[in-house]
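**Q** kindly return the folded structure for what I paste below:
(3 chains)
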Amino acid sequence: MTELVDVILGGTFHAAVLFLVAAGLQLVFGVQKLVNLACGSFYALGAYFGITAVGLALKLGLPPLLFFPVLILAGLAIGLVGLPIERVLRTIYRRDESYQLLLTFGFLLMFQDVFRYIWGATPRTMDNVYLVYGTANVLGVRVPTYNLLVIAASIAIAVGLGYFLERTKTGRIVRATAENRDMAEGLGVNASKIFALVFTVGCMLGTVGGALVVPSGAASLDMAVELVVESFAVVVIGGLGSMRGAIVGALIVGLMRAASISLMPEMEMLSVYLVVVLVLIVRPAGLFGKATA
Amino acid sequence: MKLTRRDFSKLAGTGILAAAAPGIFAPALAQNKPLRIGIIAPRSGAAGTAGECGIRAVQWAVERLNKDSGIAGRKIDLVIEEETNPKDTIERLRRLILQEKVDAIQGLISTGVSLGVAPVAEEEQALVVMWDGTTQDGVKEMLPNPKYVFRSTDNECEAVMGSLLAVKHFKGKFKRVAGINPDYSYGRNNWEAFRQILTRYGIEAEYVAEQWPKVGTMDLTSHIAALKAAKPDLIFSSMLFADLPVFMKQGHAAGLFDGVKMVLPAAGWQINQLKKEFTPEGIIFGHNTLYFDLPQASPLQKAFVQDYMDKYKEAPHWEADRAYFAMATYKAGVEAAQKAAGKWPTQEQVAEAIPGLEVESLGGKGRFRKDKIAEQVFYQGPSTNTNKYDFPTLASVDVFEASQLQKPPGADFWEWIKTAKMPV
Amino acid sequence: MPSVDIASPAVPRAMPRVSGLWVLLALLAIMALLPFVASPYVLLLMLPFMGYGIALLGFNLLFGTTGLLSFGHAMFLGIGAYTAAALTSKFGVKSFELLLLAAALGSGLVSIVTGLLCVRYTRIFFGMLTLAFGMLFHSFLFKFYAVTGGDQGMRVLRPLLLGMEWRGGKTAFLTGPFYYYSLVLFALLGLAMWRITQSPFGLHLKAIRENAGKAAYVGVQIFRMRLAAFVISAVYGGIGGTILAVTTGLADPELAYWTHSGNLVFMAVLGGSGTFAGPAIGALVFVLLQDFVMSLTQYWRFVMGGVLVLLVVFLPQGLSGAVSLLFNRRNGGR
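**A** Numbers count the residues shown, from 1 in each chain, chains lettered A, B, ... in the order given. Prediction:
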């Protein structure tokens, strides 16, 4: 029983973070039809910047208990780098997608050295705040309260995002732009503004994801490239462009990994790829995708 | 002052004297251009931190040497290239040899890369002294008898020592053993070596869990849950990249370490990241060939550690020692070969001179064996958190010589480990 | 701000001009003379160029001609490299011709299986599926280290060319016989690719790229044609990978990592995917550029990424686009 709880808690924590990055990918793809390979860089950027921000805040006398909101704010703030990057991407929206993909690949390469220049090659860890919220006991399993907070934050963000897209006026405009950009523009929507907004929000999802994960781990130079692969697995399983796909895909990848770690450690990453291939064979567009040739 | 003829001949006389005693007045004319030494080390990616530490140490060494008389009178210029994947690194190696025309090459940390590089260096007849990256399998199969390539001490030494110390300090206090090791040959070999040694000492351990996270995995929550479910008394882990501090942090949070003995033979690489708050005491903590806080450290080590910590605000680890050792050995080799040949030696002559020369490295005395594998001094011991740093130091230091931990030349590691006379 | 197009649309407008083949052959002719003037190091750099160049000829049949962007093409280079490694160091097969054949077969077979799944989709979906397969292969190489040597890879021993053992050191071998052998191979494969792009099959592929629906309407069997293009490009990739592996002497998993696939796309765009010889030129420039930048600064990733960004924004047709733009201006054209 505790093993099952362990698997679920571990898998969900991982899924929570994966979801944020994948949601950023999905949002940007859904609206801008752009696959952002630099999503991994945003994730790493959030992690590094989160360490710096919390370190600074603690030095300025912030009570450690308040580090969680600081972290989220830091993630949101650094997510604003999405704006200038979108300005560059904007120059090629009318071009073939492959060029957009390649452009984000260029950013991915550049970011690696930016991190190294600013934060050095040594992996960075955050001052000890991981356990300031103590540990909780979930059905006999000891788990850091912080992990539960991250899961809760991720759910809150998912709900908030859903509310924004479904219920607000701007959200409806975003969806309309996603359906048909030209039509939306014809109706007086400023698509450029919407694109900038969407890309920045997508970027923030990644940076917040990185910021949230780092208290429990470390920021390192290879985290960007590695994460891209995993979030792509999520997106392929869930279906490109679908928010529900991001949730389900992240849960599948997270839980699958956790389960194989506890049952067959050898299969850890391979099991994820096998699910990917299986989904591709059975439902090539992903579980919630509506892609066609 | 006017220079008379007599003065002049006197001066010439000193010149002749200087030429006759090359050891004192190093070669003056033809050889006064600086020696060019190529360094290949990772600067980015998982091993970037190790490479950085090594580069800093070799720069420190060169600065000191250049203030003095350099190597046999010649100053040293470093040409630094980045170690990346095997393919690109081999191209960089060729660049150093063919284009930069360096006099020697030092560096390399990853075994995978070094296995690709070594045959190329042999083909090109280029002297290479490696810092690290001697994991068993590949080495024995790929480079039986190198002429120009000098390899570091076996990567398994630290696991052998950690295992021996586990026996020494923990025997009788554990039964259920779990392992979490990086998923590549280094991790596999370390885990296997550990198990073999326990068997040698008649410890009937029960192996309750094995985990193989990929290098660079930053979320180990599930691995930790699986380990915890297995209820081990002792955990052995040869993780050594950023995943080690992550493991300690998350493991601590999950209460994995309560009452559990730990053996971390390669923890020294991440010393600065292993904060006290989440690192329990009493870990068998491996510092490999350089323990920065060694009480009886040599003046050389003390000077280095102080400079390093002042400048970079962190502790150096064993890669610094390896880098220094490579440079010191090369210097000794060149100077010995020059003495023997009476002129500036070829790379081949240097390579022939190096084996057997004992040099002082940061962490202690070391030398290369006839088979061009290094022998250095190893430091490990149970850790303590009572110190002035924010990471653990050693409560007591066990010091072993490589000859006690390393298979003899030509032996098969797995045969050796079954039969060798162990120092504990 | 309205969206501006600085350059003309990225989808290549022109058919490969007749000169495409000549550009390539002229390049190869220059390379044939290179050993008389260049240093061994430069010659050694030309070998990865030839490996990449061949792979990119195939890659561009898929990308430039058919309009399918693969982000997992490094897998086929990996298959070629590991085929060479397994055959030379495990099975004692030394004949380079056999290695090439096996690499072509191996990558061809794998591409049929993956292609059946991938070519049902185009655009970004195709890119992501190929990436997924590439990473699956990478983790296979990494995980099954009993077979593949894991992270340490597998050695590639020096092969026999035309059944002959060549004397001399490895550098002499690589810059001498192997250099010319690869060059001839490059030329032959270039000619073959030219024939392919000019054949009815090639025209079908172009029609598919321009408008798949219309092409289907006039009777082009889209699925089969795409699959064929995929398989051919994989075979070229396998052969290119074999040359790379012999040059480095090692096959390692990083060859199949997704960033390596990214580099291939980088090269294709750098040279200009709209022309026949462009991607090969891109490979040449990429190899030289990376070599130069890496010895210039430790922050070479930043520079290379920056070059890519500038290229995509300002010069989407790559170097060949720039050249033709210049040429048109001089002729009074716009």
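**Q** do I have it right that residue A:64 meets residue A:133?
**A** No. Using C-beta atoms under 8 Å, residue A:64 is not in contact with residue A:133, being 9.4 Å away. Bear in mind the C-beta positions are built from the backbone N, C-alpha and C, glycine included.
**Q** ok, the residue lying closest to residue A:33 once chain neighbours are set aside - contacts?
**A** Sequence neighbours aside, residue A:97 is the residue nearest to residue A:33 in space, at 6.4 Å (criterion: C-beta to C-beta, 6 or more residues apart in numbering or on different chains). For residue A:97, the contacting residues are A:33, A:34, A:35, C:69, C:123, C:124, by C-beta atoms under 8 Å, 6 or more residues apart in numbering or on different chains.
**Q** quick check: what element follows the strand or helix carrying residue C:295 along the chain?
**A** Here residue C:295 is covered by helix C:278-296, with elements defined by DSSP states H and E. The helix or strand immediately downstream of helix C:278-296 is helix C:300-314, counting by DSSP H and E.
**Q** just name whatever secondary elements that next one is in contact with.
**A** helix A:97-119, helix C:258-271, helix C:278-296 (3 or more C-beta pairs under 8 Å, 6 or more residues apart in numbering or on different chains; DSSP states H and E).
**Q** does chain A sit close to the last one?
**A** This means helix C:278-296. No. Using C-beta under 8 Å from any C-beta of the partner chain, helix C:278-296 never reaches chain A; the gap is at least 11.2 Å.
**Q** buried residues in that helix, which are they?
**A** The neighbour-count check on helix C:278-296 (16 or more other C-beta atoms under 10 Å in any protein chain shown) flags C:278-287, C:289-291, C:293-295 as buried.
**Q** show the model's pLDDT score for residue B:27.
**A** On pLDDT, residue B:27 comes in at 44.
**Q** correction: residue C:152
**A** 81.
**Q** thought it was touching residue B:185?
**A** Yes. At 5.8 Å, residue C:152 and residue B:185 qualify as touching, with contact defined as C-beta under 8 Å.
**Q** settle it for me: which of those two has more neighbours?
**A** Using other C-beta atoms under 10 Å in any protein chain shown as the criterion, residue C:152 and residue B:185 rank with residue C:152 on top: 29 against 20.
**Q** which residues does that one contact?
**A** B:111, B:112, B:115, B:135, B:137, B:138, B:184, B:185, C:145, C:252.
**Q** roughly how far does it sit from residue C:146?
**A** 12 Å (C-beta to C-beta, to the nearest Å).
**Q** do the same with residue C:33
**A** Distance from residue C:33 to residue C:146, by C-beta to C-beta: 46 Å.
**Q** also residue A:60?
**A** 54 Å.
**Q** what's the answer for residue B:38, then?
**A** Taken as C-beta to C-beta, the span from residue B:38 to residue C:146 is 35 Å.
**Q** who has more neighbours, those two?
**A** A count of neighbours by other C-beta under 10 Å puts residue B:38 above the other of residue B:38 and residue C:146, at 24 against 7.
**Q** secondary structure class for that one?
**A** strand (DSSP: H, G, I helix; E, B strand; the rest coil).
**Q** surely residue A:20 is in contact with residue A:151?
**A** No. Applying C-beta under 8 Å as the test, residue A:20 and residue A:151 come out as separate, 11.1 Å apart.
**Q** quick one, strands of chain C?
**A** Here chain C has its strands, by DSSP state E, at C:154-155, C:250-251.
**Q** ok but residue B:150 is inside a helix, no?
**A** No. Per three-state DSSP, residue B:150 lies outside any helix segment and is strand.
**Q** ok, now which ones touch it?
**A** Counted by C-beta under 8 Å, 6+ apart, residue B:150 has contacts B:127, B:128, B:129, B:130, B:326, B:329, B:351, B:354, B:368, B:372, B:373, B:374.
**Q** same deal with residue A:46?
**A** Going by C-beta under 8 Å, 6+ apart, residue A:46 touches A:74, A:75, A:78, A:79, A:206, A:207, A:208, A:209, A:210, A:211, A:212, A:214.
**Q** ok, now residue B:408?
**A** Neighbours of residue B:408 in contact, by C-beta under 8 Å, 6+ apart: residue B:416.
**Q** and it, how close does it get to chain C?
**A** 23 Å (C-beta to the nearest C-beta, to the nearest Å).
**Q** neighbouring contacts of the helix or strand bottoming out on mean pLDDT in chain A?
**A** Every helix and strand of chain A was ranked by mean pLDDT, DSSP states H and E. The lowest is helix A:268-282, at a mean of 82. Outside helix A:268-282, the residues that touch it by C-beta under 8 Å, 6+ apart are A:230, A:233, A:236-237, A:252-253, A:256-257, A:259-261, A:264, A:286-287, B:212-214, C:117, C:129, C:132-133, C:135-136, C:139-140, C:143.
**Q** please, which helix or strand holds residue B:163?
**A** helix B:157-170.
**Q** send me the helix or strand just after that helix as PDB with only the CA atoms.
**A** Tracing the chain past helix B:157-170, the next element assigned as helix or strand by DSSP H and E is strand B:176-180. Provided in PDB are the C-alpha atoms of strand B:176-180 (Å, rounded to 0.1, in the frame of the first residue of the first chain):
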ATOM      1  CA  ARG B 176      20.200  -5.100   4.000                       C
ATOM      2  CA  VAL B 177      22.100  -3.300   1.200                       C
ATOM      3  CA  ALA B 178      20.800  -1.000  -1.500                       C
ATOM      4  CA  GLY B 179      22.600   0.600  -4.300                       C
ATOM      5  CA  ILE B 180      21.900   3.700  -6.400                       C
END
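**Q** does whatever helix or strand comes next after strand B:176-180 reach chain A?
**A** Per DSSP H and E, the first helix or strand lying C-terminal to strand B:176-180 is helix B:185-200. No. Helix B:185-200 lies apart from chain A when judged by C-beta under 8 Å from any C-beta; the minimum separation is 11.5 Å.
**Q** and helix B:185-200, what other elements does it pack with?
**A** By 3+ C-beta pairs under 8 Å, 6+ apart, helix B:185-200 packs against helix B:136-142, helix B:157-170, strand B:176-180, helix B:413-419.
**Q** quick check: mean pLDDT of that helix?
**A** Helix B:185-200 comes out with an average pLDDT of 92.
**Q** and stretch C:76-91, by the same measure?
**A** Averaged over stretch C:76-91, pLDDT sits at 94.
**Q** anything in it near chain A?
**A** No. Residues of stretch C:76-91 are not located near chain A by C-beta under 8 Å from any C-beta, the shortest gap being 15.3 Å.
**Q** buried by neighbour count: which residues of that stretch qualify?
**A** Buried, per 16+ other C-beta under 10 Å, within stretch C:76-91: C:76-89.
**Q** which parts of the stretch 251-400 of chain B sit against chain A?
**A** So the stretch 251-400 of chain B meets chain A at B:252, B:253, B:254, B:255, B:270, B:272, B:273, B:275, B:277, B:278, B:314 (C-beta under 8 Å from any C-beta).
**Q** so what's the residue count around the first one?
**A** Right, residue B:252. Residue B:252 has 21 nearby residues by other C-beta under 10 Å.
**Q** for residue B:275, see how far away it is.
**A** Counting by C-beta to C-beta, the gap from residue B:252 to residue B:275 is 10 Å.
**Q** what's the overlap in contacts for those two?
**A** Counting by C-beta under 8 Å, 6+ apart, nothing touches both residue B:252 and residue B:275.
**Q** what about the chain, any weak spots by pLDDT?
**A** No chain was given, so I picked chain A. A:290-293 (pLDDT under 70).
**Q** meant chain C, my bad for not saying
**A** C:1-18, C:328-334.
**Q** please repeat the previous calculation with a cut-off of 80.
**A** C:1-19, C:121-124, C:145-146, C:150-151, C:167-169, C:321, C:323-334 (pLDDT under 80).
**Q** around chain B, which positions in it sit nearby?
**A** C:39-41, C:44-45, C:48, C:142-143, C:145, C:149-153, C:155, C:169-171, C:244, C:248-250, C:252, C:254-255, C:257, C:290-291, C:294-295, C:298, C:300-301.
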